[in-house]
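> test case, fold it:
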Amino acid sequence: MEYVYKTLEKEISALIEETLLCDTVERKSELTGNKGLLEHAIKLLKKCDEHGVYAGSIFTKLPRKRCDSPSSEYRVIEDGETDDPQYWREVTIEGKQFNCVRLGEGDVVIEC
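Predicted structure coming up:
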């Protein structure tokens with residue numbers, strides 16, 4: 001991925017140089033917007049690298065809730081190798097607010 005990061009950084013540098021030489025507000029605005037898009041792309045790529053998300057990862061968008069309750073949510077559970085919900089345990093994650101994963105309709109789950 002280093003090649004990709006270097007390529008994007010070179011393009012950002014070129015946009016900065018072009019912005020300094022530009023004489024119209026519209027063009028400067030366009031170049032600045034493009035620079036922001038590239039910076040955003042680099043941050044996303046680094047986050048994907050950090051978490052092992054690659055092109056082959058599976059993305060699943062959660063469906064609409066079937067429950068009418070406004071506070072209903074999806075939870076991540078460990079099933080204890082059984083289909084009996086009494087043995088299921090909600091997954092806890094250190095450093096996460098409330099130490100659990102709570103998801104809503106439209107959230108995306110990524111399988112790495």
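> show me where this protein has helices.
Counting by DSSP state H, the chain has helices at residues 2-21, 25-51.
> in the longest one, what counts as buried?
Right, helix 25-51. Neighbour-count burial for helix 25-51 flags 31, 35, 38, 48 (criterion: 16 or more other CB atoms under 10 Å). Just so you know, the C-beta spots here come from the backbone N, C-alpha and C atoms, and that holds for glycine as well.
> please apply the same query to the first one.
Applying a neighbour-count criterion of 16+ other CB under 10 Å, one finds 12, 15, 19 buried in helix 2-21.
> how about the first one: what's its closest non-neighbour residue?
Same thing as residue 12. Nearest non-adjacent residue to residue 12, counting by CB to CB, 6 or more residues apart in numbering: residue 38, 5.2 Å away.
> against residue 46, how distant is residue 26?
31 Å (CB to CB, to the nearest Å).
> hang on, the earlier thing: tell me the one of the buried residues of helix 2-21 nearest residue 4?
residue 12 (12.7 Å; CB to CB).
> tell me the pLDDT at the closest one?
On the pLDDT scale, residue 12 is placed at 98.
> same check on residue 27?
96.
> how about residue 92?
88.
> tell me how many other residues surround it.
Residues contacting residue 92 under the criterion other CB atoms under 10 Å number 12.
> what bridges to it?
residue 100 (DSSP bridges).
> residue 109 too?
Assigned bridge partners for residue 109, using DSSP bridges, are residue 60.
> I figured it hits residue 57, correct?
No: assessed by CB atoms under 8 Å, residue 109 is found out of contact with residue 57, at 10.3 Å.
> done for today, thanks.
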